[in-house]
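Undergrad: starting from these lines, generate the structure:
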Amino acid sequence: MMASMSQSEPLIALRICSRSAIFHPGALLRAEYQIDAIQPAEIQAVEASILWYTEGKGDEDLGVQYFERTTPSDSVDGDLRQLHAFQTVLPRSPLTYNGFLVKIRWCVRVRLFWGGGRQLYVDRGFQLVPRDQGSEPARGESPLLGMSDGSLSDGSLGDGSLGDGSL
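TA: Coordinates of the predicted model:
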């Protein structure tokens, strides 16, 4: 009789290196991750990214600000479990938005590809807010107060296009 062994999933520790999860356009976002509870030979690749995505009504969208894929051949000893840091300067847009019909979210994501084609990822969310907004928004409050149509105060959507209120 063969004993069945339950294999646990690897662990991904991910942290945004900041006291606050609120950032402004042009700020440097630095993050670090470490992989554990897995043998080095089982790791096929690790992807680190900083991205935004939409939630809500209509088509969901996603944009990648930073992306890095590391494979064992990129490491001197082939071990991708050690602490790894990465960083990027955040763009001017899109800003975090918490509207009724659509939301724009930002996150740091680390995805692990391991034995047998399995994947595991961890996200850490953060907010990208206008520079003149110095304090953290209240729980459930939009960083863009008083703007229910997804537009910024100048009527743009933060990417140079004009909002039509259809968000």
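Undergrad: any stretches of this protein with poor pLDDT?
TA: Of all residues in the chain, those with pLDDT under 70 make up the ranges 1-7, 133-167.
Undergrad: partner strands of the helix or strand where residue 53 lies and their direction?
TA: Residue 53 belongs to strand 43-56 when assigned by DSSP states H and E. Here strand 43-56 has these sheet partners by DSSP bridges: strand 62-70 (antiparallel), strand 102-114 (antiparallel).
Undergrad: highest mean neighbour count out of the ones you listed?
TA: strand 102-114 (a mean of 21; mean count of other C-beta atoms under 10 Å). C-betas here are computed from N, CA, C, even on glycine.
Undergrad: which helix or strand lies directly C-terminal to that one?
TA: strand 118-128.
Undergrad: list the buried residues of that following strand.
TA: 124, 126-128 (16 or more other C-beta atoms under 10 Å).
Undergrad: please name every helix or strand in contact with that strand.
TA: Contacts defined by 3 or more C-beta pairs under 8 Å, 6 or more residues apart in numbering; DSSP states H and E place strand 118-128 against strand 11-16, strand 22-23, strand 28-36, strand 102-114.
Undergrad: gap between residue 86 and residue 14?
TA: From residue 86 across to residue 14, the span is 11 Å (C-beta to C-beta, to the nearest Å).
Undergrad: joint contacts of those two?
TA: Counting by C-beta atoms under 8 Å, 6 or more residues apart in numbering, the contacts common to residue 86 and residue 14 are 31-32.
Undergrad: ok so, going back, nearest to residue 78 among the buried residues of strand 118-128?
TA: The shortest approach to residue 78 among the buried residues of strand 118-128 belongs to residue 124, at 26.7 Å (C-beta to C-beta).
Undergrad: now the closest one, which residues is it bridged with?
TA: As for beta bridges, residue 124 partners with residue 108 under DSSP bridges.
Undergrad: count of neighbours near residue 86?
TA: 18 (other C-beta atoms under 10 Å).
Undergrad: need the next SSE after the strand or helix carrying it, C-terminal direction.
TA: If you go by DSSP H and E, residue 86 is part of strand 84-89. On the C-terminal side of strand 84-89, the nearest following helix or strand under DSSP H and E is strand 97-98.
Undergrad: ok, that following strand: who's next to it in the sheet?
TA: In the sheet, strand 97-98 lines up with strand 102-114 (antiparallel) (DSSP bridges).
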